[in-house]
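Colleague: structure for this input, please:
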Amino acid sequence: MDSRMPRRKPPKKMAKKMPGSTMKDRASRVTIIDVAKRAGVHWSTVSRALNPEKRHLISPEMIERVAACVQELGYRANAFRNSAIAPMRWPRDCGRNVRARSA
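Modeller: Okay, the predicted model is just below:
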């Protein structure tokens, strides 16, 4: 790049507005990290406690502690985020499993 040319500043990112909610509403939403801090565990432990397929990996006492914190804080899973990420993971996982089975 020529040193005489001025550098362009990147465009400012605008916050997308969701209908029916304000920035304050979204900023105050309880996250999995908030639940983990309250329970005194790692966020992945909270994820495992909330996922029925992974609950066997942690103790029943830990599941109860996380469940109590979820109830206390009013945590709700973000359905839009979960539905947006799952389809992106599926083909990659599916392909790996198919190759492993055929070998």
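Colleague: going by C-alpha atoms from here, please, whenever you check contacts or count neighbours.
Modeller: Noted.
Colleague: now do the buried residues in stretch 46-63.
Modeller: For stretch 46-63, a neighbour-count test (16 or more other CA atoms under 10 Å) marks 46-50, 55, 62-63 as buried.
Colleague: go on, stretch 34-41?
Modeller: Here stretch 34-41 shows 34-36, 38-39 as buried, counting by 16+ other CA under 10 Å.
Colleague: of the residues you listed, which is the nearest to Pro11?
Modeller: Asp34 (31.7 Å; CA to CA).
Colleague: end to end, how far does stretch 52-65 reach?
Modeller: Start-to-end span of stretch 52-65 (CA to CA, to the nearest Å) is 16 Å.
Colleague: hey, where'd the helices end up in this structure?
Modeller: 23-27, 32-39, 43-50, 60-73, 79-102 (DSSP state H).
Colleague: so Val70 sits against Val35, correct?
Modeller: Yes. Between Val70 and Val35 there is a contact at 6.2 Å, judged by CA atoms under 8 Å.
Colleague: quick one on the thing from earlier: a markdown table for the buried residues of stretch 46-63, including distance to Ala79 and pLDDT?
Modeller: Shown next, in a markdown table, are these (distance: CA to CA, whole Å; pLDDT from 0 to 100):
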| residue | distance to Ala79 | pLDDT |
| --- | --- | --- |
| Val46 | 17 | 94 |
| Ser47 | 14 | 92 |
| Arg48 | 17 | 94 |
| Ala49 | 17 | 94 |
| Leu50 | 13 | 92 |
| Arg55 | 20 | 92 |
| Met62 | 24 | 95 |
| Ile63 | 21 | 95 |
